[in-house]
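Colleague: Need the 3D shape of this:
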Amino acid sequence: MHILVKDKRTGIEEWLPLERAAELMNLNAEDIEWALEEYGECESADHIATQPE
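Modeller: Okay, the predicted model is just below:
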């Protein structure tokens, strides 16, 4: 599964595998999946992940 991750500081967006996004956001992959299912996005201190269409 790939998700779109946006860097809050630079505004750069990129598609990343869920596992890589979890490392980057310093979160568990399961927590990201849950937030995407519940809210359509997941936010950390420096990044925002959005669910793919």
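Colleague: Can you report how many residues neighbour A49?
Modeller: Other residues lying near A49 total 25 when counted by other C-beta atoms under 10 Å. To be clear about C-beta, it is placed using only N, CA and C from the backbone, and glycine gets the same treatment.
Colleague: helix, strand or coil for it?
Modeller: Assigned by DSSP: H, G, I helix; E, B strand; the rest coil, the conformation of A49 is strand.
Colleague: relative to its centroid, which residue of this protein is most remote?
Modeller: T10 (15.2 Å; C-alpha atoms, centre = their mean).
Colleague: List phi and psi for it.
Modeller: Backbone dihedrals for T10, given as degrees, to the nearest 10, come out at phi -100, psi -20.
Colleague: So it versus L27, what's the distance?
Modeller: Using C-beta to C-beta, to the nearest Å, T10 is found at 19 Å from L27.
Colleague: cool, and S44?
Modeller: Distance from S44 to L27, by C-beta to C-beta: 6 Å.
Colleague: in this protein, which ranges drop under the pLDDT threshold?
Modeller: Filtered on pLDDT under 70, the chain yields the residue ranges 52-53.
Colleague: Just after the lengthiest helix in it, pick out the following helix or strand.
Modeller: Secondary structure of the chain per DSSP state H: the longest helix is helix 29-39. The C-terminal neighbour of helix 29-39 among helices and strands, as given by DSSP states H and E, is strand 41-43.
Colleague: Which neighbours in the sheet does that following strand have, and how are they oriented?
Modeller: In the sheet, strand 41-43 lines up against strand 47-50 (antiparallel) (DSSP bridges).
Colleague: can you tell me which residues contact the residue farthest from the centre of the chain?
Modeller: Applying C-beta atoms under 8 Å, 6 or more residues apart in numbering to T10 gives no contacts.
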